[in-house]
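S.K.: coordinates for the following, if possible.
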Amino acid sequence: MFKKLMDLAKIKDKQASTGILDGLFAAANFEGDDDPNDVNDNRALMRYEFFEILVRIAKLKYIGKGLMDNAVARALHRLFNENFLPILSERKLPVW
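M.R.: You can find the predicted model right below:
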């Protein structure tokens, strides 16, 4: 589902390749323990992990490329405006 959302939002580019996005997913989803009773599926993101990966993507796409200064909030705002609002307005979100 995450990859489909990234495709719809047109997140992928030279800096944000599939491999890089997979790495960001793994970093945001890392827990450090192997508790078999854990409710956090290793193939899914919790709400806070989803927000964390959006911040990581915003930093990668806009701050890491030198397009913006080190203001994470503005980078996140730009990510929402340029990548997510268009699919929200077109109602192209995947069915959860």
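
S.K.: can you map out the helices along this protein?
M.R.: Along the chain, the segments classed as helices by DSSP state H run 2-8, 18-29, 47-58, 72-79, 85-89.

S.K.: same for the first one, what does it pack against?
M.R.: So that's helix 2-8. helix 18-29 (3 or more Cβ pairs under 8 Å, 6 or more residues apart in numbering; DSSP states H and E). No exception for glycine: its C-beta is placed from N, CA and C like everyone else's.

S.K.: export only the CA atoms of the helix it packs on, formatted as CSV.
M.R.: Output of helix 18-29 as CSV, limited to C-alpha atoms (Å, rounded to 0.1, in the frame of the first residue of the first chain):
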residue,chain,number,x,y,z
THR,A,18,12.6,2.6,-4.9
GLY,A,19,15.6,1.4,-3.0
ILE,A,20,15.9,4.6,-1.1
LEU,A,21,12.2,4.6,-0.2
ASP,A,22,12.5,1.0,0.9
GLY,A,23,15.3,2.0,3.1
LEU,A,24,13.3,4.9,4.6
PHE,A,25,10.4,2.5,5.2
ALA,A,26,12.7,0.1,7.0
ALA,A,27,14.3,2.9,9.1
ALA,A,28,10.9,4.3,10.1
ASN,A,29,9.6,0.8,10.9
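
S.K.: if we can go back for a sec, would you turn the helices of the chain into CSV with mean neighbour count and distance to residue 39?
M.R.: Putting the helices of the chain into CSV (neighbours: other Cβ atoms under 10 Å; distance: least, Cβ to Cβ, whole Å) gives the following:
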stretch, mean neighbour count, distance to residue 39
helix 2-8, 15, 18
helix 18-29, 15, 13
helix 47-58, 16, 12
helix 72-79, 16, 27
helix 85-89, 12, 28
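
S.K.: in TSV, list those helices along with mean pLDDT and distance to residue 66.
M.R.: Shown next, in TSV, are those (pLDDT from 0 to 100; distance: least, Cβ to Cβ, whole Å):
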stretch	mean pLDDT	distance to residue 66
helix 2-8	88	22
helix 18-29	91	17
helix 47-58	93	14
helix 72-79	94	12
helix 85-89	83	24
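
S.K.: got a markdown table for those helices, with distance to residue 64 too?
M.R.: Output for these, formatted as a markdown table (distance: least, Cβ to Cβ, whole Å):
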| stretch | distance to residue 64 |
| --- | --- |
| helix 2-8 | 16 |
| helix 18-29 | 10 |
| helix 47-58 | 10 |
| helix 72-79 | 9 |
| helix 85-89 | 22 |
